[in-house]
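# Build me a structure from this.
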Amino acid sequence: MTKDTQPIVVGVLALQGAFSEHIQLLRQAAKSLSAFDAQWTFLEVRTAAQLSQCEALIIPGGESTTISLVAARSNLLDPLREFVKVHRNPTWGTCAGLILLAEAANRTKKGGQELIGGLDVRVNRNHFGRQVESFVTDLDLPFLSQSGGGNMDGGHYPFKAVFIRAPVVEKILPVKEGPQVEEEALDETVIAPSRAPKGAIAKEAIGRPVEIMATLPGRAALLPNGVTTIHPEGGAGDIIAVRQGSMSGG
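Below is the predicted model:
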């Protein structure tokens with residue numbers, strides 16, 4: 001790396017939730033990427049000025065309603081929508097972050113949850129029940145082996161995942177630039193406001209389909225209003241991770 005090369009700045013939204021744990025794990029991961037000609041800076045984001053320094057963002061797990069409320073009171077909600085929806089900067093939402101990045105979320109009182117948007121999905125909040133119903137399970141994530149997470153035999157290790165009041169993707173929505181107005185007509189469902197993409201790259205990213213990255217087999221269930229979980233061909237399961245262009249959540 002040359003002296004003139006600027007570090008890659010990855011922000012972690014630090015309003016509430018597991019932001020400290022994400023920063024620690026990012027630093028650990030950066031050490032394993034020493035072979036790449038890049039330097040990394042990880043920044044706790046609490047203001048619009050800090051967000052403007054970032055090239056990518058992680059929205060951590062926590063309480064999505066609290067995160068959106070604090071973001072609104074900190075005048076950070078609109079800058080987040082600019083970062084995600086207008087410029088389509090790489091953004092990853094975990095648990096509560098997935099809810100915030102969804103274009104629609106149900107089991108939510110009108111006015112009780114603000115969304116950022118960016119992923120054309122409807123999420124079902126707290127799909128697996130209360131905190132006492134939390135569980136740990138191994139997931140089959142083939143994309144980890146494609147990114148260097150495989151074992152010596154060319155396969156991949158199971159990923160141990162923890163589900164605590166976790167959401168699922170209830171439905172893959174039609175890809176569209178405007179708001180998902182059809183979703184707003186559903187009971188206890190809120191949608192993200194529309195933001196027009198800016199620049200050729202962002203406009204191209206808007207049209208990309210949602211990819212299913214991971215499902216949870218064996219726990220598929222009927223959801224409210226008689227809607228069943230969508231699942232990939234060849235197997236049933238709750239959708240727990242998706243990607244759409246530079247956006248991802250799970």
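
# then the longest helix seen in the chain to PDB, C-alphas only?
Within the chain, and with DSSP state H defining each element, the longest helix by residue count is helix 19-32. The C-alpha trace of helix 19-32 is given here as PDB (Å, rounded to 0.1, in the frame of the first residue of the first chain):
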ATOM      1  CA  PHE A  19     -22.100  -1.800  18.000                       C
ATOM      2  CA  SER A  20     -19.100  -2.400  20.200                       C
ATOM      3  CA  GLU A  21     -19.100  -6.200  19.400                       C
ATOM      4  CA  HIS A  22     -19.200  -5.400  15.700                       C
ATOM      5  CA  ILE A  23     -16.300  -3.000  15.900                       C
ATOM      6  CA  GLN A  24     -14.200  -5.700  17.700                       C
ATOM      7  CA  LEU A  25     -15.000  -8.400  15.200                       C
ATOM      8  CA  LEU A  26     -14.300  -6.000  12.300                       C
ATOM      9  CA  ARG A  27     -10.800  -5.400  13.700                       C
ATOM     10  CA  GLN A  28     -10.200  -9.100  14.000                       C
ATOM     11  CA  ALA A  29     -11.300  -9.700  10.500                       C
ATOM     12  CA  ALA A  30      -9.100  -6.900   9.200                       C
ATOM     13  CA  LYS A  31      -6.000  -8.700  10.600                       C
ATOM     14  CA  SER A  32      -6.900 -11.700   8.400                       C
END
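
# Show me what counts as buried in that helix.
Neighbour-count burial for helix 19-32, counted by 16 or more other Cβ atoms under 10 Å, picks out 19, 22, 23, 30. Backbone N, C-alpha and C define where each C-beta goes, glycine included.

# In this structure the third one contacts residue 12, no?
Yes - with contacts counted by Cβ atoms under 8 Å, residue 23 reaches residue 12, the gap being 5.5 Å.

# hey, what's in contact with both of these two?
Contact criterion Cβ atoms under 8 Å, 6 or more residues apart in numbering; residues shared by residue 23 and residue 12: 42, 44.

# what's the neighbour count on residue 73?
10 (other Cβ atoms under 10 Å).

# same check, this time on residue 66
For residue 66, the neighbour count with other Cβ under 10 Å is 13.

# Would you mind confirming that it makes contact with residue 16?
Yes - if you go by Cβ under 8 Å, residue 66 and residue 16 touch, sitting 4.9 Å apart.

# Of the buried residues of helix 19-32, which is the nearest to residue 166?
Nearest to residue 166 among those is residue 22, at 16.4 Å by Cβ to Cβ.

# so who does that closest one touch?
Counted by Cβ under 8 Å, 6+ apart, residue 22 has contacts 12, 58, 60, 94.

# Just the ones in helices from these, please.
Assigned to helices by DSSP H, none of those qualify.

# What is the nearest of these to residue 50?
Distance ranking of those against residue 50, using Cβ to Cβ, places residue 12 first at 10.3 Å.

# Just give me the neighbour total for that closest one.
Neighbour tally, residue 12, other Cβ under 10 Å: 25.

# Mind listing the residues bridging to it?
residue 44, residue 58 (DSSP bridges).

# what about it, distance to residue 160?
Distance, residue 12 to residue 160, by Cβ to Cβ, to the nearest Å: 22 Å.

# Likewise for residue 59?
Distance of residue 59 to residue 160, given as Cβ to Cβ: 22 Å.

# And the two? Which one has more around it.
Set residue 59 next to residue 160 and count neighbours by other Cβ under 10 Å: residue 59 wins out with 32 against 9.

# No further queries at this time; thank you.
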